[in-house]
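J.: Sequence first, predicted model second:
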Amino acid sequence: MTANSPDNNTHNATRSHELPLFLTGPVLRRCNARVITLWMVTSAPLEGEFLLFQGKEASPFFQADFTREQQIRIGQSAWVVMAQFSGDFPLDTELAYDIDTQKGALTALLPELLYPGEERLTLTIKSRADYIQHGSCRNPHFPGKDSLVAADEKVATLPLGERPALLMMSGDQIYADHVAGPTLDAISQVIDLLGLPDETFTDAPYASLSALRASHHQLYGRDQVLPVYEPTGNWLSDTRMLRWLPAKQRPVFTANECENHLIGLSEFLAMYLLVWSPNVWQLVETDRLEKQGFQCGEQVLADKWQQLWQQEKTEIEEFISGLVKVQRLVAHIPTYMIFDDHDVTDDWNLTVGWEQAAYQHAFSKRIIGNSLFGYWLCQGWGNDPEQFDDTFMAMARTYFSAPDTASHDAMIDHLYDFEHWHYQVETKPKMLVLDTRTRRWHSESKMNKPSGLMDWEALTEMQQALIHEPAVIIVSPAPIFGVKFIETLQRIMTLLGKPLVVDAENWMAHPGAANTLLSIFTHTKTPTHFVIISGDVHYSFAYDIQLRFRRNSPNIYQITASGIKNTFPEKLLRFCERMDRLLYSPHSPLNWFTKRKRMKIYKRDPDTPGHGRLVNSSCIGELWLKDDGQPERIAILTAEGQSIGFPPTRQEQKRHSGAGEKATARPDNNES
């Protein structure tokens with residue numbers, strides 16, 4: 001029974017009355033003095049009004065009709081609602097909101113969204129980005145707690161004026177290439193439950209998504225379905241004497257654990273419904289496959305997959321238990337997002353060779369396009385709705401009104417051509433959120449060399465946005481200044497022709513991108529204070545950076561917090577940290593062979609015993625900024641609720657006497 005078959009239509013019609021109105025959300029997105037943005041997914045067209053109150057006043061000072069807002073029907077019982085309310089909204093003021101729907105008030109339908117003592121959902125639109133929570137890499141079935149839960153529990157204790165100005169999710173909000181078996185089975189149930197559309201494939205082992213879902217490859221077998229290619233241009237294929245040898249096929253998608261890789265658009269959409277809200281989880285059976293004797297298509301899952309299923313199920317159930325708090329957090333704090341590779345697939349656009357293999361194959365192009373389609377609807381749209389014109393809305397509605405291959409491919413082509421996934425947040429300081437995935441600086445020497453994270457045109461646009469700003473916050477999914485020893489390992493593997501093995505993605509990997517970026521920091525008209533927020537690497541650290549040979553250097557601070565629900569292999573991380581200290585100590589001559597030789601880097605030490613400089617813990621980053629844009633305090637909040645600070649180094653303390661924080665005592669803080 002497929003998602004759009006007659007039998008399934010009847011099934012959904014009988015179940016539609018059981019569905020809650022709010023499937024996911026509401027999520028507060030872009031908010032400022034001119035606009036308040038809400039994103040949600042509902043089981044019926046949302047009717048009613050948005051009500052905005054000042055403090056605890058009984059009557060709203062602003063109200064707006066939801067029927068005038070953007071609502072796109074993505075399934076028989078699913079609507080994506082993007083409400084962008086325009087007005088003159090007060091800053092730094094206690095506000096509260098409610099939604100009066102056709103089924104009653106939001107606060108009555110979802111009272112669990114209220115913090116203690118609240119009668120309505122509260123928010124403050126801050127004039128300054130004085131306190132930011134940030135993080136990346138949230139893998140639902142990673143063993144460990146979800147630090148977004150810890151973030152919510154902290155916010156619950158804070159007065160409204162002391163809450164974060166915003167929450168920045170800087171990449172890998174979903175792991176499309178590494179999905180747990182129980183999650184993928186829940187996704188399949190959600191597709192049927194909500195009537196999300198089927199789709200047909202070209203050059204694929206299965207003609208449609210429904211055929212794949214009915215097959216024995218549905219669970220723990222998708223690595224055998226994903227597209228492959230025959231590499232060209234290497235020395236072996238160019239050797240005349242060896243051309244008679246059979247070509248070795250390689251997978252396009254390079255994730256190590258892609259047995260449950262998302263493929264269909266409906267799968268991406270269902271995944272988003274499941275990562276931010278418990279409401280849809282309550283409608284599915286997490287033990288359905290066990291009740292069926294682990295029957296998948298015409299086969300029974302092998303024992304090793306059954307054992308993995310049970311392990312993943314334990315973690316997923318723990319993940320689900322915290323989602324009510326995650327849902328509460330994002331309903332109160334303006335939330336911004338940007339993609340990284342796992343939102344699409346591991347190593348997305350890493351090299352020119354990868355891009356050619358991926359985009360010249362119809363099946364892999366469709367999979368990547370589906371991920372972008374889902375990202376736009378569920379993440380990108382709310383970051384800056386004004387960037388997405390009526391063409392986006394018309395093409396999306398055309399596809400969902402009568403899903404077919406032509407309209408599907410047209411939408412994907414439009415998404416591929418779009419070049420404005422980056423955006424600005426007009427806080428004080430200004431925040432620039434970088435797209436480091438779709439505007440890459442391609443290597444001109446070899447197809448398997450890593451591309452620069454941004455091309456010259458994108459970096460030039462970034463520089464123009466910085467000019468004459470006194471201070472700026474830059475959100476880069478990957479750290480701009482990483483761990484030198486790890487970057488050296490990545491460089492060695494690249495020289496050996498194996499950049500995909502070590503995920504060789506760092507800003508210094510491409511000479512053109514690295515030199516252009518470093519030149520931006522040295523430009524005389526760029527800000528006095530740079531604060532860089534990053535994630536990606538699955539460990540956390542903080543650096544202070546200055547320019548060599550310059551008396552009036554800008555103050556550059558980099559804060560890396562990762563992952564929200566993920567960590568780095570502990571023994572490997574400690575080895576890399578020890579080798580970094582040994583080989584790249586402050587006086588090591590090896591420092592002069594790096595692209596960062598014009599920079600002096602001071603490494604902050606955590607204030608909590610038992611951690612190295614690279615803190616390996618699931619966490620959410622916390623950053624407090626002074627009026628001039630410099631960090632007042634840098635910390636992470638672990639998933640267990642522990643706060644770990646990164647106080648200033650001695651060098652930073654000397655430069656800013658009276659900084660108020662005790663300097664760390666370790667003697668080897670600076671790095672050439």
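T.: Alright, I've got the coordinates. Numbers count the residues shown, from 1 in each chain.

J.: how distant is stretch 524-539 from the center of its chain?
T.: Taking the mean of its C-alpha atoms, stretch 524-539 sits 17 Å from the chain's own mean (Cα atoms, centre = their mean, to the nearest Å).

J.: Same question for it: list its buried residues.
T.: Burial within stretch 524-539, assessed by neighbour count using 16 or more other Cβ atoms under 10 Å, is assigned to 526-527, 529-539. C-betas here are computed from N, CA, C, even on glycine.

J.: Out of those residues, name the ones that lie in strands.
T.: Secondary structure from DSSP state E places 529-534 of the buried residues of stretch 524-539 in strands.

J.: tell me the centre residue of the chain?
T.: For the chain, Gly171 is the residue whose C-alpha lies nearest the centre (Cα atoms, centre = their mean; 2.5 Å).

J.: Quick check: chain neighbours aside, which residue is closest to that one?
T.: In this structure, Gly171 finds its nearest non-sequential neighbour in Asp340, 2.8 Å apart by Cβ to Cβ, 6 or more residues apart in numbering.

J.: measure the one you found to Gly135 for me?
T.: Look at Asp340 and Gly135: by Cβ to Cβ, to the nearest Å, they are 12 Å apart.

J.: Spit out the contact partners of the residue nearest to the centre of the chain.
T.: Shown in contact with Gly171 (Cβ atoms under 8 Å, 6 or more residues apart in numbering): 136-137, 338-343, 477, 535-536.

J.: swap the cut-off to 7 Å and go again
T.: If you count contacts by Cβ atoms under 7 Å, 6 or more residues apart in numbering, Gly171 has them with 136, 338-340, 343, 477, 535-536.

J.: How about Leu432?
T.: Here Leu432 is in contact with 424, 462, 465, 472, 474-475 (Cβ under 7 Å, 6+ apart).

J.: tell me the secondary structure for the nearest residue to Pro631 once chain neighbours are set aside?
T.: Spatial nearest neighbour of Pro631, chain neighbours left out: Tyr557 (5.4 Å); criterion: Cβ to Cβ, 6+ apart. Taken by DSSP: H, G, I helix; E, B strand; the rest coil, the conformation at Tyr557 corresponds to strand.

J.: backbone phi and psi for the residue nearest to Gly171, please?
T.: Here is the backbone geometry of Asp340 (degrees, to the nearest 10): phi -130, psi -160.

J.: gap between it and Glu259?
T.: 21 Å.

J.: number of nearby residues for Thr202?
T.: For Thr202, the neighbour count with other Cβ atoms under 10 Å is 12.

J.: Pro143: neighbour count?
T.: For Pro143, using other Cβ under 10 Å, the count is 14.

J.: same deal with Glu298?
T.: 8.

J.: Now for His587, which secondary structure element holds it?
T.: Using DSSP states H and E, His587 sits within no helix or strand.

J.: Next, it: phi, psi?
T.: Per degrees, to the nearest 10, the backbone of His587 is at phi -110, psi 10.

J.: Report the contact partners of it.
T.: His587 neighbours (Cβ under 7 Å, 6+ apart): none.

J.: And for Arg328?
T.: Counted by Cβ under 7 Å, 6+ apart, Arg328 has contacts 112-113, 152.

J.: can you list those in a markdown table and add secondary structure and neighbour count?
T.: Below are the contacts of Arg328 laid out as a markdown table (DSSP: H, G, I helix; E, B strand; the rest coil; neighbours: other Cβ atoms under 10 Å):
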| residue | secondary structure | neighbour count |
| --- | --- | --- |
| Glu112 | helix | 10 |
| Leu113 | helix | 22 |
| Asp152 | helix | 23 |
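
J.: For Tyr206, see how far away Gly264 is.
T.: Counting by Cβ to Cβ - Gly264 and Tyr206 are separated by 10 Å.

J.: for Ile36, helix, strand, or coil?
T.: Once three-state DSSP is applied, Ile36 turns out strand.

J.: Spell out which residues sit in contact with it, please.
T.: Ile36 neighbours (Cβ under 7 Å, 6+ apart): 85, 89.

J.: quick one: pLDDT of it?
T.: You'll see Ile36 listed with a pLDDT of 98.

J.: Could you do Ala255 as well?
T.: 84.

J.: If I follow the layout properly, it ends up in contact with Val344?
T.: No - if you go by Cβ atoms under 7 Å, Ala255 and Val344 don't touch, sitting 10.6 Å apart.

J.: So for the two, which sits in the more crowded spot?
T.: Val344 (27 against 19).
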